[in-house]
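1. structure of the sequence below:
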Amino acid sequence: MENSGKSLPNLRELQDIEAATILKARESWSMFSIMSEFIETTERLSTLHPAVTIFGSARIHPDHPDYIKCVEVSHRLSNAGFAVISGGGPGIMAAANRGAFEGKSPSVGLNIILPHEQKPNHWQNISIQYRHFFARKVGFVKYADAFVLFPGGFGTLDEMSEVLTLMQTDKSRRIPLILVGSDFWQGLLDWFRQQMVGKGFLSPDDMNLMQVIDDPEQVVQAILDFYQAREIAPSDAERQKMLYL
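-> Numbers count the residues shown, from 1 in each chain. Modelled structure (predicted):
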């Protein structure tokens, strides 16, 4: 492509070459930090199977109904043989880890370093620390055989959108995505149907990527039922696909 006539900066043409070199070196070395997070995630989670990732608000307290329900869901999943993966912090993340920790299968926390709100909970058999959100998200998705989402804020919606996009675009395998809390989710789902499906931004079939279930026993049963029809482990084709998440 020919130069459009725009002035494009070049390292050798900059006046303060030393400062520019330091900046570029710092950016380059940060790649090793990112690589180390991916390597640790692979080393510690690649043999974790099967597993369910649980998302939800960091701001609820142990006496909140969603917290109590999440502990039950996680405990049932753990006793059914599923490791439980959460963000490792407070709120729903703590409830997910707590239920799994008290069950038969591993409790996993993928902790993010933040200026506030994120403090690792005490119920983690496997704990990994991240500085980069995107490396952490890969861990949530790549090693999950199902997703369970409780009510939450921007972070929960971000994780929900990420998972839905990967499944919709066939960059990840299609596995159960269960929304717990019909009162909370129904308005959003109605908006999806009216605005996004109604205006052609989604196909009607995209709505089938999600299901709403409130009862903890039925949440676990829905995941078990899904895997009655197929192997729970990813196929070779699915494993290859997920190398490019």
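2. report the separation between residue 202 and residue 171.
-> Counting by C-beta to C-beta, to the nearest Å, the gap from residue 202 to residue 171 is 17 Å. To be clear about C-beta, it is placed using only N, CA and C from the backbone, and glycine gets the same treatment.
3. check contacts around the residue nearest the centre of the chain.
-> Nearest to the centroid of the C-alpha atoms of the chain, with distances taken as C-alpha atoms, centre = their mean, sits residue 140, at 3.7 Å. Going by C-beta atoms under 8 Å, 6 or more residues apart in numbering, residue 140 touches 53, 55, 85, 87, 110, 159.
4. 6 Å instead, please
-> residue 53 (C-beta atoms under 6 Å, 6 or more residues apart in numbering).
5. am I right that it sits in a helix?
-> Yes. According to DSSP: H, G, I helix; E, B strand; the rest coil, residue 140 belongs to a helix.
6. what distance do you get for it to residue 96?
-> From residue 140 across to residue 96, the span is 12 Å (C-beta to C-beta).
7. what do these two both touch?
-> Jointly contacting residue 140 and residue 96 under the rule C-beta under 6 Å, 6+ apart is no residue at all.
8. distance from the chain centre to stretch 67-80, please.
-> Distance of stretch 67-80 from the chain centroid (C-alpha atoms, centre = their mean, to the nearest Å) equals 18 Å.
9. and it, what's buried?
-> For stretch 67-80, a neighbour-count test (16 or more other C-beta atoms under 10 Å) marks 67, 69, 70, 71, 72, 73, 74, 75, 76, 77, 78, 80 as buried.
10. show the contacting residues for the closest residue to the third one other than its chain neighbours.
-> Which is residue 70. Distances taken as C-beta to C-beta, 6 or more residues apart in numbering put residue 95 closest to residue 70, at 3.7 Å, once the chain neighbours are dropped. Residues near residue 95 by C-beta under 6 Å, 6+ apart: 67, 70, 71.
11. how near is the second one to residue 201?
-> Here the distance between residue 70 and residue 201 works out to 31 Å (C-beta to C-beta).
12. go on, residue 170?
-> From residue 170 over to residue 201 (counting by C-beta to C-beta), the distance is 18 Å.
13. tell me how many other residues crowd residue 104.
-> Other residues near residue 104 come to 11 when the count uses other C-beta atoms under 10 Å.
14. list the contacts of stretch 49-63.
-> 66-67, 77, 82-86, 89-92, 96, 117, 140, 143-150, 152-153, 156, 159, 232.
15. and these, which of them are buried?
-> Listed as buried from the contacts of stretch 49-63 are 66-67, 77, 82-86, 89-92, 96, 140, 143-150, 152, 156, 159, 232; burial here means 16+ other C-beta under 10 Å.
16. in helices only, show me these.
-> Among these, DSSP state H puts 66, 67, 77, 92, 96, 140, 156, 159 in helices.
17. compile those residues into TSV and extend it with columns for pLDDT and distance to residue 189.
-> Below are these laid out as TSV (pLDDT from 0 to 100; distance: C-beta to C-beta, whole Å):
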residue	pLDDT	distance to residue 189
66	98	18
67	98	23
77	98	23
92	98	19
96	98	23
140	97	22
156	97	14
159	97	16
